[in-house]
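> With the sequence up front, the predicted model follows.
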Amino acid sequence: MVWDNPAPAPEGAVLEYTKELEKFLAEIERRAFRMAQVALRDPDDALDVVQDAMLKLTRSYASRPGAQWRPLFYRILENGIRDLQRRRTVRNRIMAWLPGLKEDPDGETQDPLENVADAAPAIPERLMQAQAMQRLEESLRELPARQREAFMLRNFEGMDVAETASAMACSEGSVKTHYSRAVHALRDRLGEVW
């Protein structure tokens, strides 16, 4: 049997392509982490999901044109977030039957170190920004998943409607609807803060 193997790309072209992919991943890393952190509420889980999405993009789609990477990456990221949320749901159902775990009213296991006061003096401006960001994150968590995804891709990532539709695997009209509803809901919730 004869295999049709294409000739390998010249080493310079592969190096150029690798640099382009590394540049793309470096550009989106922080925003993707922030999006995952808002959705998952845990920086460690968020970092794991983002790194996993980057690996999957690199392994499966690195040979695609660079213009396709952004929507593909965010689709992979959103799928990873949903998978982790599903695993948490199953784990929480199982762990609820085990004795000895103390939970707060939100149903999350308490960390005793979270209640320790910070000894450093708080700068008023920094405190106000942190509170405003906290309110924004809380309000984003209250949004339905599709609205949150559309809002974050459009505002945090700066994607246009077509790119967002591709990343969310829906129509441009759906993106506009989800985004509009998210903006109106956030305005209602954050009017006095923002």
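Cool, the structure landed.
> Quick one: low-confidence residue ranges for this protein.
1-17, 95-123, 192-194 (pLDDT under 70).
> Show me this protein divided up by domain.
What automatic domain parsing lists as the domains of the chain is 10-97, 126-194.
> Reformat the ones you listed as CSV; add mean neighbour count.
Bear in mind the C-beta positions are built from the backbone N, C-alpha and C, glycine included. Converted to CSV, the domains of the chain look like this (neighbours: other Cβ atoms under 10 Å):
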stretch, mean neighbour count
domain 10-97, 15
domain 126-194, 16
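> For the chain, which segments count as helices?
Counting by DSSP state H, the chain has helices at residues 11-40, 43-61, 66-95, 124-142, 145-155, 161-168, 172-190.
> wait, what's in contact with the closest residue to residue 24 other than its chain neighbours?
Once flanking residues are discounted, residue 24 sits nearest to residue 69: 5.4 Å by Cβ to Cβ, 6 or more residues apart in numbering. Residues near residue 69 by Cβ atoms under 8 Å, 6 or more residues apart in numbering: 21, 24, 57, 61.
> from those residues, which is closest to residue 93?
Distance to residue 93 across the contacts of residue 69 (Cβ to Cβ) is lowest for residue 57, with 31.5 Å.
> give the contact list for the closest one.
Contacts of residue 57 (Cβ under 8 Å, 6+ apart): 25, 69, 72, 73, 76.
> was I right about the fourth one contacting residue 55?
Right, the one you point to is residue 73. No. Look at residue 73 against residue 55 with Cβ atoms under 8 Å: they stay out of range, at 11.0 Å.
> how close does residue 172 sit to residue 189?
Residue 172 sits 26 Å away from residue 189, going by Cβ to Cβ, to the nearest Å.
> just residue 152 next, same as before
Taking Cβ to Cβ, one finds residue 152 at 16 Å from residue 189.
> ok, now how distant is the spatially closest residue to residue 82 that is not a sequence neighbour from residue 131?
With sequence-adjacent residues excluded and distances taken as Cβ to Cβ, 6+ apart, residue 82 is closest to residue 145, at 7.8 Å. Distance, residue 145 to residue 131, using Cβ to Cβ: 25 Å.
> Repeat that for residue 150.
Applying Cβ to Cβ to residue 150 and residue 131 gives a distance of 25 Å.
> Please apply the same query to residue 176.
From residue 176 across to residue 131, the span is 31 Å (Cβ to Cβ).
> Residue 77 too?
27 Å.
> try residue 58
38 Å.
> repeat for residue 161
Applying Cβ to Cβ to residue 161 and residue 131 gives a distance of 32 Å.
> Residue 49 now?
26 Å.
> likewise residue 163?
32 Å.
> Then residue 141?
For residue 141, the distance to residue 131 - Cβ to Cβ - is 16 Å.
> Could you do residue 28 as well?
Separation of residue 28 from residue 131 (Cβ to Cβ): 27 Å.
> Kindly report the same for residue 43.
On the measure of Cβ to Cβ, residue 43 and residue 131 end up 19 Å apart.
> what do you get for residue 72?
From residue 72 over to residue 131 (counting by Cβ to Cβ), the distance is 36 Å.
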